[in-house]
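Novice: predicted structure and sequence below. I'll ask about it afterward.
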Amino acid sequence: MTTKRKLPSLVYITVIAPICGVAVAGEKHAMVMPAATAPASSWRLSAGPMMRQVQGADFKVGSAASSSVFPTPYGQGYYNLPSSVGDDAAYANRQYDDGYVNTDAGTVNDGNTSYWGYDSAGQYNASNNTLTMSVSAAGQLAGSARDISQSTLQTGAVGVSGSDENEFGFRIELDRLTDHGNGWSTGPVIGFSIFKGSSSINGVSAFSGNIHVEDYGVGVTDTYQLDPSLVGSLDPNDVHQNDGSVTGPLIPNQPSNRVPDPNQPFDRELDRDEDVVSYDVSLYSPVDLELEFYVITLDLGYRAERTWGDWFVNGSAGGALNIVPWDASHSERALQSFDNGAISSYSSASFDNDDLEFLFGLYAQAGLGYSFTDTISLSGFARYDWSQSFDGDVGPSSFDQDISGWSVGLLLAKEF
């Protein structure tokens, strides 16, 4: 009976008390509770070079040659009477191939002049009492005219894409990964990268034309109606010359009739001389467009990494903000070629524009690396960025640039 009553106490002393760390007679025990272990985390800073694929911009090439900025050198043509004969509606000194009618001191009073002369008796018509004087369209005093006919003239924006380029840049990453055991770790990652991109096209013309030009001289014939009471009797077989130094027969300073009539539409086929200089001119304006920009990317994402010994692979994805300052230029020359001969430049124009864009995007990235020590590693990465594009105008041209693309690079990392 005594043995049975002491059995619970024996069990307590020999089994339960040691487990619970309770002191019993003759022994010293301490109660120890298992400690909770937090997963290990560490920071890692990485930096290194990268290469970014840059798509060529989509350009719409316009031309200043199709606007008032860049007129053609031939305008709409012209028709000018000889300047030496003056305005038939005003008093003037008039010089002809076969005579002259100038003003004298009394012209302003009565419109007549004694300062006149002619070279040939045939210029005087005694029956009509008229005197004619002329300037030949082929002479040195002739006026000038130009006829323009545009056989073709093409203007309008031309769509051209620049070529894709690979540009070098720099990237920095900071991640904090938490070890979950079995080689797995995850955590947030922030990044910064920068690269310079560019796109350009050269020699694209959005303006072309073929112009037929005809240059020729313009003559004139003036008829003077004489007043017998002023001019007296002229010898139809003689000529008259007076330099204005002496008083002589008077005639009107203004002609009574002029052919061609400056107040009527000209008959260019009849009024021009036969010595026509004609030629064809080809016009075009090659344009050089250049776009330069920086892409500064700030990204925030989440990363998962798997380690096998010294090797590791990781993947990350997240959102990005792209800050893009850009500068664009449009340079254009207007060229002409006469009868498919030598090419010359007759004008030029240039335009510049710049702006700052903020573009949102997403990214996905994969990496493979090797740890040299517990804290130093080297990895390579491949990444694709999806981003909004940006566009702009420069002079008569415009562009649209997509900055989405692949990146590859190397990162040297320090863990702490």
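Specialist: Noted; the coordinates are in hand.
Novice: isn't Gly56 right next to Val160, touching?
Specialist: No - applying Cβ atoms under 8 Å as the test, Gly56 and Val160 come out as separate, 9.3 Å apart. (Each C-beta comes from the backbone N, C-alpha and C, glycine too.)
Novice: Asp299 sits in which helix or strand?
Specialist: strand 277-308 (DSSP states H and E).
Novice: who does that strand touch, helix- and strand-wise?
Specialist: With contacts defined as 3 or more Cβ pairs under 8 Å, 6 or more residues apart in numbering; DSSP states H and E, the secondary structure elements packing on strand 277-308 are strand 58-61, strand 165-181, strand 184-218, strand 311-338, strand 343-371, strand 397-401.
Novice: now the closest residue to Glu292 other than its chain neighbours: how far from Glu290?
Specialist: Spatially, and ignoring its direct neighbours in sequence, Glu292 is nearest to Ser198 (4.8 Å; Cβ to Cβ, 6 or more residues apart in numbering). Distance, Ser198 to Glu290, by Cβ to Cβ, to the nearest Å: 7 Å.
Novice: neighbour-wise, which of these two wins?
Specialist: In this view Ser198 and Glu290 are compared by other Cβ atoms under 10 Å, and Glu290 has more residues nearby, 20 against 17.
Novice: next up, the contacts around the more buried one.
Specialist: With contacts defined as Cβ atoms under 8 Å, 6 or more residues apart in numbering, Glu290 is in contact with 198-200, 328-329, 331.
Novice: between these, which sits nearest Ser136?
Specialist: Ser331 (47.4 Å; Cβ to Cβ).
Novice: and the pLDDT at that closest one?
Specialist: On pLDDT, Ser331 comes in at 95.
Novice: that one: neighbour count?
Specialist: Neighbourhood size, Ser331 [other Cβ under 10 Å]: 17.
Novice: that one reaches Ser350, doesn't it?
Specialist: Yes - contact status for Ser331 versus Ser350: in contact at 4.8 Å, counting by Cβ under 8 Å.
Novice: which ones are touching the residue most central in space within the chain?
Specialist: For the chain, His330 is the residue whose C-alpha lies nearest the centre (Cα atoms, centre = their mean; 2.8 Å). Listed by Cβ under 8 Å, 6+ apart, the contact set of His330 reads 287-289, 349-352, 394-397.
Novice: poorly predicted segments of the stretch 301-416 of the chain, please.
Specialist: Counting by pLDDT under 70, the stretch 301-416 of the chain contains no low-confidence residues.
Novice: bridging residues for the nearest residue to Arg383 once chain neighbours are set aside?
Specialist: With Cβ to Cβ, 6+ apart as the measure, Gln365 is the residue that lies nearest to Arg383, at 4.0 Å, once sequence neighbours are left out. Using DSSP bridges, the beta-bridge partners of Gln365 come out as Ser316, Arg383.
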